[in-house]
Every structure is written in C-alpha cells, then in structure tokens.
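Visitor: Sharing a model that was predicted from the sequence below.
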Amino acid sequence: MKTTVPALAAAMLMAASPVMADLVVPNMSYRTGPYAANGIPYADGFADYFTLLNERDGGIGGQLIQVPECETAYNTEKGVECYESLKSQDPLVLNPLSTGITYQLIPKVSVDDIVLYTPGYGRTSAKNGEVFEWVFNAPANYWDGASVAVSHILDQEGGDLSGKKIALVYHNSAYGKEPIRTLQGLSEKHGFDLLEIPVDAPGQEQKSQWLQIRREKPDYVIMYAWGVMNQVAIQEAVNIRFPMDKFIGIWWSGSENDVTPAGAGADGYKSLTFHGVGQDYPLYDDLRTHVIDAGKAAGAGDQMGNVIYSRGVYAALVIAEAIAKAQELAGTPEIDGAQLRDGFEALEITPERMAELGLPDFGQPIALSCDNHGGAGLARIQQWDAGAGEWSLITDWIEPDAEILQPLIDEDSTAYAQEAGIEPRCN
Amino acid sequence: MIYREAGDFKTSYRSDGQTFPIRLDRWGYYAVLAVAFGVLPFVIDDYWANAVFVPFLIYAIAALGLNILTGYAGQVSLGTGGFMAVGAYAVYKLMTAFPDISVMIHILLAGGITAGVGVLFGLPSLRIKGFYLAVATLAAQFFLVWLFNKVPWFYNNSASGQITAPTRTVLDIAVTGPTATAPAKYLTCLVFVVALAWVARNLTRGTIGRKWMAIRDMDIAAEIIGVNPLAAKLSAFAVSSFFIGIAGALLFAVYLGAAEVGEAFGINKSFLVLFMIIIGGLGSIFGSFAGAAFLVLLPVLLKNTLVGGFGWPTDLAAHIELMVVGALIVTFLIVEPHGLARLWQLAKEKLRLWPFPH
C-alpha cells in the first residue's frame, strides 16, 4: 500500500499541471470549515474578476490569467500542502487570506521568488518594504484599522477619550493579537482604558466573554473576528443589548453574512472597510454580463454584491494592475515573480484609473514604492441597516495615526530583520 | 511458499529473539531502509517532502509516542497536542537562545523537556484510570495551549504570538528555515524516525515494556507480581512524551516553519494522533506507521485524485474527502477493530500457508 499510494498521487499530480504559457495567479481559498461563510464570497470575487479580464479583455497584456484554486480550510498544514502543489505551477503572486498561513509563507516566498499580496491582513510590519521584499499589504493593514476605529470613536466622543473604556474582542490567534500593541499605544496617548478579551478559535462559544462585557460595561467594543466568530459575537452583543452603534468591527467583521443571522437586532452595527459597498458600480454590470450571465461564475455565483465579494474583486484588481505595470516595466507580457515585485513597487492607482476600471470612488488612491509596501492605510466606516438589508458608508476616508504606527512598524520589522538575518534594501 | 520460516534455522537465542525472525521480513526491512536512505533523498522534491513524507514521518513519531502510552501501558491520553506544543515551544526557545548549538541537540532537549512535563501531567494516572484519566490529560491539553498563548516569554514577545523557526544548519546544510532543501528536511525526520522506532521496539520487548503491558492488562495483578506502578506509569508518560515532544519540535521547526499554538497544536491534533493509533493498531510499532500513513496520505491522495485528476470543485472535494476518510475509519473499526496492524499480521499468516491453506 505504501508504494502504490505515492505512485497514484504522483500520476494525479502530473495530470493537474496547467499550460505554462499563461500567467498563474492561484486562489488559495476556503470554502469549507468554520470560516467558509467569509471564505466563499472572497474566493468567488477573486476568481470572477480574473474571469472577467479573460473573457472581456483577453487577459492582461494579451496573456490569459490562470486561477487554479486550492482549498486551505484556513488550516496551516493544508496551506503548506497547497503552497507546495501550487509552487510547481510557477505562480506569480499568492493571496492566502489567512494571517497564519501568511506568517508561514513570508520566509518561503523570499526564497522561491513569489510575491505575497495580503490586502488588509497578514503581518502588519510587512509594510516596511526595506525588510519584506516580497510581501505587500496595501491598501490598509490591521494597525491602520485599529487606529482608524479609535479615530472614529474620538470623533463620536468629541475628541476626548480620557476615562472611557474600550474593549477589544479578538480571535485568539496571530490575526486577533496584531492590533493589541497599537491599541495599547493609543490608549496611552488618548487616556482610555483598554480591555482585552480573547475568544479561542473558531469562536462558537462566547457566552463568558459577553458576560464579562456586560459586567465591565465598556463604552465601545472593537472586534477582530472572522468566520463563525463574527455571527456569534454580533448575536451575543444583541443578546446583552449592547448598543450596536458603539460596536465596531474590523473590515473582516463586516459582511452581510455576519449580520443577517442576528436579524433586526444588528441594526446600526458598524464596521471598517477599505473599499466601497453595494453594487452601484459600472464594473458590476460587466461582471454580470461577461461572467455571471455567461455561467462562468466561480462557486454558486450568488455572492455578488456581498462586502467580502467586493473585497475579493478589489484584491484581484490590485494584482491585475500590478501585473499590467510589471508588463510595462519589463517590456514583455510574460513576466516572472521578480518583475511582478517591481510592478507592485511602481504601482500607482489613481481615482481616475479606478473610475476607468468601472469602480469610481470605490477605493483609496494607492501609490507604492520600494520602502512603502502598505500604502496610505485609509479606511471608512460602514453601518448596517437591517431594515433595508444593506451597508451604507457613514464617513469619508479616515487617516490612521502614523505617529503611533510608524515606530511600531519600524520596531517589529527590525526585530524580524535581525531574527532572519535580512539586510535592509532600497538604499 | 516463499514467505515462510521453514529452513531458516536459528542457532542462538539472540537470533531466535530478533525483531524479524522470517528472512523475507528481514530483507524487506533492509530494503525499505535502503530505499529510504539511499534512493529517496536523491529523487525527492519539495512537494513530496513537504506534503507527503515529512508530515508522515513526524506523525509516525507522534503515533509511536502515544502508542507507548496508550497501546502498551494502557493510559488513555488526550494531551498529545499540548505535549507537541511543549516540544515546539521548547525547541523555539532553545534555537533562539542558543543559536550556536546544533539544532539536533535542541530537538533532543525539547523531547527531554516534554518528558518532564509529561511526567508532571502523568501524576494523576497513579490515582485515576480510564475515562477519568483521559479527562485529566484533556486538562493538560487546554492548559498548555492557554499557557503558550498567554505568556509572551514563550513566543519572545512577538506582536502576533507566532513563533518562526530561524535557519539552523547541520554539517553546513540548512535543515530548518526557508532555505532548507527537501532532502535535508526529509533526512532529518527520517533519522529521528528510524532511531526512535528502534528505541521503541527494543523498549517494548524488554523488561520495561513488559511492565507497561502488565500494568495495561491488570494493574492489581501486576503490582502483586512485583511491578512498581509508580515507576511503570511515570516511565511510560516520560518516554511517550519524549517521542511526542520530538514530533512537536520537528513539526514546528522542520515542517511548518512557523506556528501558532491554538491552530497547530489544538485538541484536533490530539484526536488525530489518537485516531492514528486506533486505526493503525494499539500496541504495535508497525501500527503506528500504518495509522500515520493512513491519516496523512489518504487526504492528500483524495485531494489530488478528485481536484487534480477529475477536476472537481475544491469545496466538493474537501467535503467528499471528510466523508470518505470518516467512512473508511468506521469501516475499518467494524471489519478489524485491532487496526491495520492486525490486518497486516493476518495477511502474513495467510501468506505463510499459501498456496496450501488448511
């Protein structure tokens, strides 16, 4: 049995390799497990945008884009298996949508020359391109998110937070722990009390955490949750009658799938977002014509308009723009990982370009460079209207507090550079 | 006809008591070793190493460890994930604190530290048995995961609580970190597997193994014939945890490269290793390997067949995979409750009589 199993698997593996001429942008997705509620719309949006480019424009620069999918189930060991199997197909860029898998891949992609694009998640200090040559996390990262949430609270409270209490309800993993330092820094600066409340993965059981919140009566709750933990947390907050407009989720805790289970009680729940909401963009008409109606949609094809779907589209759009830029710089449509990295570092997405792409006023302007891999980090606040069943943007772009963030990013990336023996580049 | 003991005469007690008394078995064993050391390192690529062989070898060590405790000494444990975490965090602290010392020594020391922790959590086994002991070890699982999440010293105060294995070399060849090559990772794990399997085999057939089995079969009777339950149970916990600690250290340092305690060493890991020894066969060295192979290789094979071969959607394949593996586990347990090792043994007995059965 021992010998036949690998032999069979080998035969199957050989059969799976695609034609090498196309550009390969794998979709590391999770459509199963406790995070599937958010993993499915993201994977669909990501794949649908590339399908649109292939169908409407014939790919990018005349090169078709291959999007092989690999199921990680948000599990690091499956992530390793996916990475190794995708590596044999010469991928240009990976977007694992998991902070745990990102941490694991950061050292590996530097050796294998693959770009890692982690929009809105992953290792925050990867913003420092001097240390993290292959990792990009534009347009915003976790620390930006924490800072923007606090800025919004400051705004609500008339600029004074002294004596206020803010609770952070977080997924007890690398993802949820990321913002703690930023919030600690901000709490010193603005004089609010920070209450850290971890929830163990996957987060189906949160009764004791919300009892603690009811007892301690924080003025605001900031939440870093994902998957099933979102729905449970919002339901629990409704159960203890926590005021929804004082409950702010990170952008990963703000999709239709997270609030609908709580019904009318979730009305007024706020979350961050780094892109527009709804379907009132010309791009969606194109998606409908070329992808959904043509029967080429990924998955069940029913996720369009979902916030997380839009985020998948946005991630794919930034990658596509970077590929186009890289092709322009390299002078050839057939680029490799190193050329795509140069493309990312020269990437510039202006508001006009976004309008041209069919998404006017959807995202912030992005301009990256060798040392800035993270962009400006702006975010907006969206609020859930349970009656209408839709999100609406209630603020303009809010800037994060660079005074707190930059020293933290420098400190963390320097520590990594020392640990991994990396010489800073870009000089 | 070919596979038989007839004509294979033993002239000393030593040769009579050897692990593989049948010549063909012996040859098979040497052939597997020769291929594993002499052929595979030269043909292995990244996918085969990282998706198939390295996890298989590491889980084989963990299964051997748990089999010593549960299969040989009869102490049910649900703390495997927690003990693997001890090995992983111990090797991480050692690697970062003493970068000049060989990582092989660190891995062995991590096993030693885990053995100590295992003995500590094995103390309740002196008073409680069976399901109650399982619950006590479950407490170890949750406590250890909580501890490594809670105390920043264990993850060197990193912002996210992730531990990342730095590059360390053996004879100037990187075995951990991103630059480690497939053959280096594979050979590191293989050396540990072969050495530990040899130790396990010889421990379990010697005095100490007989004491464990006496305790397992009837602890009161064992005590009456002179087995010290304290020494026997705690030594089982120590040896078992040593194995599991090494498996955890290798899982983190060589295989994953970065880990997070709740995700990599959660309760699921404890169950996974427990299923491995139940399916493989309790109280069997071969069973540990067979169980690890079954639960590591089958999902990879199914995934490659369904997605790669038939082009099915990944979510459908993932769901089918869960159902197929689950159904196979149930089927195996109904058809052969003593596991794959028993099936293997039956096959060998039939083969000895072939082609003239009674």
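Guide: Alright, I've got the coordinates. Numbering: from 1, shown residues only, chains lettered A, B, ... in the order given.
Visitor: CA atoms for contacts and neighbours, from now on please.
Guide: OK.
Visitor: and residue A:163, what pLDDT?
Guide: For residue A:163, the model assigns a pLDDT of 88.
Visitor: One more: residue A:16?
Guide: 45.
Visitor: How about residue A:5?
Guide: For residue A:5, the model assigns a pLDDT of 47.
Visitor: same check, this time on residue B:4
Guide: With respect to pLDDT, residue B:4 has a value of 77.
Visitor: how deep is it tucked in, by neighbour count?
Guide: Neighbourhood size, residue B:4 [other Cα atoms under 10 Å in any protein chain shown]: 18.
Visitor: Quick one: the strands in the stretch 151-300 of chain A, in order.
Guide: A:165-171, A:193-199, A:220-224, A:247-249, A:270-273 (DSSP state E, counting those that start in this stretch).
Visitor: quick one: the first one near chain B?
Guide: Pointing back at strand A:165-171 there. No - on the criterion Cα under 8 Å from any Cα of the partner chain, strand A:165-171 is out of touch with chain B, staying 10.6 Å away.
Visitor: quick one, that strand and strand A:193-199 angle?
Guide: 20 degrees (axes from the mean of the first three to the mean of the last three Cα atoms, to 10 degrees).
Visitor: got the contact list for the closest residue to residue A:191 other than its chain neighbours?
Guide: Nearest residue to residue A:191 in three dimensions, chain neighbours excluded: residue A:162, at 4.5 Å (Cα to Cα, 6 or more residues apart in numbering or on different chains). Residues in contact with residue A:162, defined by Cα atoms under 8 Å, 6 or more residues apart in numbering or on different chains, are A:190-192.
Visitor: Extract the residue ranges of chain B that are flagged as low pLDDT.
Guide: The model of chain B has pLDDT under 70 over residues B:1.
Visitor: That one against chain A: which residues are in contact?
Guide: Proximity of chain B to chain A (Cα under 8 Å from any Cα) is limited to residues B:46-47, B:50-51, B:149, B:158-162, B:164, B:166-167, B:177-179, B:256-260, B:262-264, B:293, B:297, B:300-301, B:304-305, B:308-309, B:314-315, B:318-319.
Visitor: Buried among the residues you listed? Make that a ChimeraX selection.
Guide: In ChimeraX syntax, the buried subset of these is picked out as below (16 or more other Cα atoms under 10 Å in any protein chain shown):
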select /B:46,47,50,51,149,158,159,160,161,162,164,166,167,177,178,179,256,257,258,259,260,262,263,264,293,297,300,301,304,305,308,309,314,315,318
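Visitor: taking the residues of chain B next to chain A one by one, which sit in strands?
Guide: Assigned to strands by DSSP state E, the following of the residues of chain B next to chain A qualify: B:164, B:258-259.
Visitor: Could you point out which of the residues you listed is nearest to chain A?
Guide: Of all those, chain A sits closest to residue B:258, with 5.0 Å by Cα to the nearest Cα.
Visitor: pretty sure residue B:216 is in a helix, no?
Guide: Yes - using DSSP: H, G, I helix; E, B strand; the rest coil, the assignment for residue B:216 is a helix.
Visitor: Not counting sequence-adjacent ones, nearest residue to the spatially most central residue of chain A?
Guide: Nearest to the mean C-alpha position of chain A, by Cα atoms, centre = their mean, lies residue A:120 at 3.8 Å. Leaving aside its sequence neighbours, residue A:120 sits nearest to residue A:141 (Cα to Cα, 6+ apart; 4.5 Å).
Visitor: okay, now the one you found: neighbour count?
Guide: Per other Cα under 10 Å, the neighbour tally for residue A:141 reads 29.
Visitor: now swap in the one 4 residues further on and tell me
Guide: The number of residues packed near residue A:145 is 29, by other Cα under 10 Å.
Visitor: What of residue B:19?
Guide: Applying other Cα under 10 Å, we find 12 residues neighbouring residue B:19.
Visitor: How about residue A:254?
Guide: Counted with other Cα under 10 Å, residues neighbouring residue A:254 total 28.
Visitor: same deal with residue B:93?
Guide: 19.
Visitor: So it versus chain A, what's the distance?
Guide: Applying Cα to the nearest Cα, to the nearest Å, the value for residue B:93 to chain A is 13 Å.
Visitor: Residue B:101 now?
Guide: 16 Å.
Visitor: hang on, the earlier thing: ok, and the most crowded of the contacts of residue A:162?
Guide: Neighbour max across the contacts of residue A:162 (other Cα under 10 Å) = residue A:192, 19 neighbours.
Visitor: That one contacts residue A:159, doesn't it?
Guide: No - Residue A:192 is beyond contact range of residue A:159, at 11.8 Å (criterion: Cα atoms under 8 Å).
Visitor: What sits closest to residue A:366 if chain neighbours are left out?
Guide: Nearest residue to residue A:366, sequence neighbours excluded (Cα to Cα, 6+ apart): residue A:349, at 5.0 Å.
Visitor: Likewise for residue B:131?
Guide: Distances taken as Cα to Cα, 6+ apart place residue B:76 nearest to residue B:131, at 7.5 Å, with adjacent residues excluded.
Visitor: what's the answer for residue B:271, then?
Guide: residue B:78 (6.9 Å).
Visitor: Ok, residue A:214 next?
Guide: Residue nearest to residue A:214 in three dimensions, not counting chain neighbours: residue A:240, with 6.7 Å by Cα to Cα, 6+ apart.
Visitor: Now that neighbour. Its backbone dihedrals?
Guide: Backbone torsions for residue A:240, taken as degrees, to the nearest 10, come to phi -90, psi 10.
Visitor: if we can go back for a sec, any idea whether the residue nearest to residue B:131 is helix, strand or coil?
Guide: Here residue B:76 takes the coil state, with states given by three-state DSSP.
Visitor: Would you quantify the distance from it to residue A:379?
Guide: Between residue B:76 and residue A:379 the computed distance is 51 Å (Cα to Cα, to the nearest Å).
Visitor: and what of residue B:204?
Guide: Distance of residue B:204 to residue A:379, computed by Cα to Cα: 62 Å.
Visitor: out of the two, which sits in the more crowded spot?
Guide: Set side by side, residue B:204 and residue A:379 show more neighbours around residue A:379, with 27 against 20, by other Cα under 10 Å.
Visitor: The more buried one and residue A:394 touch, don't they?
Guide: No - checked against Cα under 8 Å, the pair residue A:379 and residue A:394 is beyond contact range at 11.5 Å.
Visitor: Contacts only, for the residue of the stretch 101-250 of chain A found nearest chain B.
Guide: Nearest to chain B, among the residues of the stretch 101-250 of chain A, is residue A:174, at 4.4 Å (Cα to the nearest Cα). Applying Cα under 8 Å, 6+ apart, one finds that residue A:174 lies in contact with A:99-100, B:160-162, B:260.
Visitor: try 7 Å this time
Guide: Applying Cα atoms under 7 Å, 6 or more residues apart in numbering or on different chains to residue A:174 gives the contacts A:99-100, B:160-162.
Visitor: Show me the two of the residues you listed that sit farthest apart.
Guide: A:99 and B:161 (11.6 Å; Cα to Cα).
Visitor: sec struct for residue A:116, please.
Guide: Reduced to three states with three-state DSSP, the structure at residue A:116 is strand.
Visitor: And the residue of the stretch 251-400 of chain A that's closest to chain B?
Guide: Relative to chain B, the nearest point of the stretch 251-400 of chain A is residue A:299 (8.1 Å; Cα to the nearest Cα).
Visitor: Surely that residue touches residue A:44?
Guide: Yes - shown here, residue A:299 and residue A:44 form a contact pair, counting by Cα atoms under 7 Å, at 6.1 Å.
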